[in-house]
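[1] Please find the sequence and the predicted model below.
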There are 2 protein chains.
Amino acid sequence: MPAREPPKRRSRAAEARPYHHGDLRRVLIDAALQLAAEGGEVSVREAARRAAVSPGAPFRHFPNRDALMAAVAEEAQRRFRVEIDAVLTQAPAGDPLARLRAFGLAYLRWAMRNPAHFEIISTGRYFAHGSSPGLTRDNAELIGLTERMLREAAALGLLRQGELKPIQIAARALVYGFARMNLDGHFPRWGVEEGEIETMAEAVIDVFISGIAKPKRGS
Amino acid sequence: MPAREPPKRRSRAAEARPYHHGDLRRVLIDAALQLAAEGGEVSVREAARRAAVSPGAPFRHFPNRDALMAAVAEEAQRRFRVEIDAVLTQAPAGDPLARLRAFGLAYLRWAMRNPAHFEIISTGRYFAHGSSPGLTRDNAELIGLTERMLREAAALGLLRQGELKPIQIAARALVYGFARMNLDGHFPRWGVEEGEIETMAEAVIDVFISGIAKPKRGS
DNA sequence: TCCGTTATGTAATCATCGATTACATTTGGC
DNA sequence: GCCAAATGTAATCGATGATTACATAACGGA
């Protein structure tokens, strides 16, 4: 809400809104993001309504609805990426499986806490998938990260099995599936406790990690 | 296309369609199902159009769009269930992990080959989730199946770990995630080979099963 | 400082969709 | 046969994405 100082050059005091919106593009993205977070359908008109602007105005900034949704997805992805990176920088550099675990945990934590945003990022239902090269590239980078971690783990002899590709796909499917099950209502309301589901996420990740890790002597 | 013999009692030869459609409800469900399979949005009007009927006619059979989509989902779920059951009846009764594997494989095979139907069943985005008790119950039964298999496996001492719930959730998340990754376009076109993705599905399931299974002596 | 070009928002309009209502026709039981 | 219920049609409404013509602000060069 703050920091939205419209540049009212001529200080005609009573004029509530200047003709030109301060940064409509930005405000529209935020409105759509918030709209998505509230769970309802995201319509261009509603976003315009929230920005107190005419229904046609958004199309000055986005050629069509898809473009707006793509921008929203990119913003959400950016926030997602920031959190992932933050977690990874303080994960133990020498233990690839611990890093993989931390990655998966951060991924799920964000997806649990920002379900609508995660949906927009991941689904390609809100806008034509692949219409945003930035999103695709960003996603590819994350996939590359997991690949590297698994290769490292294999090189250190930490894995029980040689074939890396199925393991990597399985890891992605597991995490993605958990996040989507949450989104798609496959978890019963599951207690009032908000954190309970995150605890389960952790347990699930541990099942997988310990499943691919070579068992330590004496266990 | 065949077997849609309208009951033209009075054989007024030139009358193309009788006023009353033979079984409009059924035809609408099929049309919507096919519409979904073609990937486009499923609109009531388009379904009506395909049934060669007025835009308002469907609402004589379904109170609203959701009800139609729920009926579609139930039909898709029925077909899904038939295939799963068929596979399970001829899976080895004594080996719960083999049964679990067969189950997962059948699940993914169907999801790969009927992506749109799977989406309708699983997502609750096409109609208010839980508006169909039959669907919910059916789903619960499948979940119960996996639970039973895992309990059996634990009883036979086939598992490496005692905690069943995380394993069960992980299994569901893995399979669901793989299916959804396919739906959501997370797999690059992945070769022209249609079967390649099913091969990968098998490998992924094997990674998981061998991860939770107690390693046999000498491996 | 003024003027004109460009960026940006508004107003009006269109087609599509889900949904409702009034009306028409067929069907089937009495 | 006849009448009520079932079923389809036509007309209509409000919301939406999208396009177009028009209005106004913003900005830079003369």
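    In hand now; what should we look at?
[2] quick one: the helices in chain A?
    Ranges of helices within chain A are A:24-37, A:44-50, A:65-89, A:96-113, A:115-123, A:133-155, A:164-183, A:194-212, based on DSSP state H.
[3] export those helices to CSV and tack on distance to residue B:146 and mean pLDDT?
    Backbone N, C-alpha and C define where each C-beta goes, glycine included. CSV is the format used below for those (distance: least, CB to CB, whole Å; pLDDT from 0 to 100):
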stretch, distance to residue B:146, mean pLDDT
helix A:24-37, 32, 91
helix A:44-50, 41, 91
helix A:65-89, 31, 93
helix A:96-113, 21, 97
helix A:115-123, 24, 89
helix A:133-155, 26, 93
helix A:164-183, 13, 97
helix A:194-212, 14, 94
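[4] between these, which one is nearest to DNA strand C?
    DNA strand C sits nearest to helix A:24-37 of all the helices of chain A, at 3.4 Å, using CB to the nearest atom of the strand.
[5] What are the buried residues along the closest one?
    For helix A:24-37, a neighbour-count test (16 or more other CB atoms under 10 Å in any protein chain shown) marks A:24, A:27-33, A:35-36 as buried.
[6] Residue A:27 contacts residue A:51, correct?
    Yes - applying CB atoms under 8 Å, one finds residue A:27 in contact with residue A:51, separated by 4.7 Å.
[7] At the contact with chain B, which residues of chain A appear?
    Contact residues, chain A versus chain B (CB under 8 Å from any CB of the partner chain): A:122-125, A:129-130, A:160-161, A:163, A:165-167, A:169-170, A:172-178, A:180-181, A:184-186, A:200, A:203-204, A:206-208, A:210-212, A:215.
[8] Give me the domain ranges for chain A.
    Domain ranges of chain A: A:24-60, A:73-212, per automatic domain parsing.
[9] Can you redo those domains as JSON lines, where the extra columns are distance to residue B:143?
    Shown next, in JSON lines, are those (distance: least, CB to CB, whole Å):
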{"stretch": "domain A:24-60", "distance to residue B:143": "25"}
{"stretch": "domain A:73-212", "distance to residue B:143": "9"}
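[10] Including distance to DNA strand D, could those go into JSON lines?
    JSON lines is the format used below for those (distance: least, CB to the nearest atom of the strand, whole Å):
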{"stretch": "domain A:24-60", "distance to DNA strand D": "3"}
{"stretch": "domain A:73-212", "distance to DNA strand D": "10"}
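[11] Out of the ones you listed, flag the one nearest residue B:92.
    Distance to residue B:92, taken as CB to CB, is lowest for domain A:73-212 among the domains of chain A, at 22.4 Å.
[12] first to last residue in the closest one, what's the distance?
    Distance between the two ends of domain A:73-212: 33 Å, counting by CA to CA, to the nearest Å.
[13] How far off centre is it?
    Taking CA atoms, centre = their mean, to the nearest Å, one finds domain A:73-212 lying 10 Å from the centre of the chain it belongs to.
[14] Give me the distance between the nearest residue to residue A:49 once chain neighbours are set aside and residue B:179.
    Spatial nearest neighbour of residue A:49, excluding adjacent residues (CB to CB, 6 or more residues apart in numbering or on different chains): residue A:55 at 7.9 Å. Distance of residue A:55 to residue B:179, computed by CB to CB, to the nearest Å: 38 Å.
[15] List the buried residues of stretch A:163-171.
    Neighbour-count burial for stretch A:163-171 flags A:166-171 (criterion: 16+ other CB under 10 Å).
[16] same thing with stretch A:195-203?
    Buried residues in stretch A:195-203, defined by neighbour count with 16+ other CB under 10 Å: A:197, A:200-202.
[17] List the contacts of stretch A:205-216.
    A:97, A:100-101, A:104-105, A:108, A:153, A:157-161, A:167, A:170-171, A:174-175, B:160-161, B:163, B:166-167, B:170, B:174, B:207-208, B:210-212, B:215 (CB atoms under 8 Å, 6 or more residues apart in numbering or on different chains).
[18] so who does residue A:170 touch?
    Going by CB under 8 Å, 6+ apart, residue A:170 touches A:208, B:174, B:204, B:207-208.
[19] If we use 7 Å, what do you get?
    By CB atoms under 7 Å, 6 or more residues apart in numbering or on different chains, residue A:170 lies in contact with B:174, B:204, B:207-208.
[20] what two of the residues you listed have the greatest distance between them?
    Across the contacts of residue A:170, the longest distance by CB to CB is 8.8 Å; it joins B:174 and B:207.
[21] These two: which is more packed in?
    Remark: of residue B:174 and residue B:207, residue B:174 carries more neighbours, 31 against 25, as counted by other CB atoms under 10 Å in any protein chain shown.
[22] isn't the more buried one right up against residue A:173?
    Yes - the criterion here is CB atoms under 7 Å, and residue B:174 meets it with residue A:173 at 5.3 Å.
[23] What is the neighbour count of the nearest residue to residue A:79 once chain neighbours are set aside?
    With sequence-adjacent residues excluded and distances taken as CB to CB, 6+ apart, residue A:79 is closest to residue A:117, at 7.2 Å. Neighbour count of residue A:117, defined by other CB under 10 Å: 21.
[24] what about residue A:37, distance to chain B?
    From residue A:37 across to chain B, the span is 16 Å (CB to the nearest CB, to the nearest Å).
[25] pretty sure that residue contacts residue A:116?
    Yes - contact criterion CB under 7 Å: residue A:37 and residue A:116 qualify, at 4.6 Å.
[26] how much space between residue A:69 and residue B:165?
    Going from residue A:69 to residue B:165 by CB to CB gives 37 Å.
[27] repeat for residue A:38
    Using CB to CB, residue A:38 is found at 32 Å from residue B:165.
[28] and what of residue A:210?
    15 Å.
[29] what does residue A:97 give?
    For residue A:97 relative to residue B:165 (CB to CB), the value is 23 Å.
[30] and what of residue A:53?
    For residue A:53, the distance to residue B:165 - CB to CB - is 50 Å.
[31] before we move on, what about residue A:197?
    Per CB to CB, residue A:197 is found 13 Å from residue B:165.
[32] can you check residue A:29 too?
    Distance from residue A:29 to residue B:165, by CB to CB: 40 Å.
[33] again, but for residue A:184
    As judged by CB to CB, residue A:184 and residue B:165 stand 19 Å apart.
[34] Thank you kindly, that will do.
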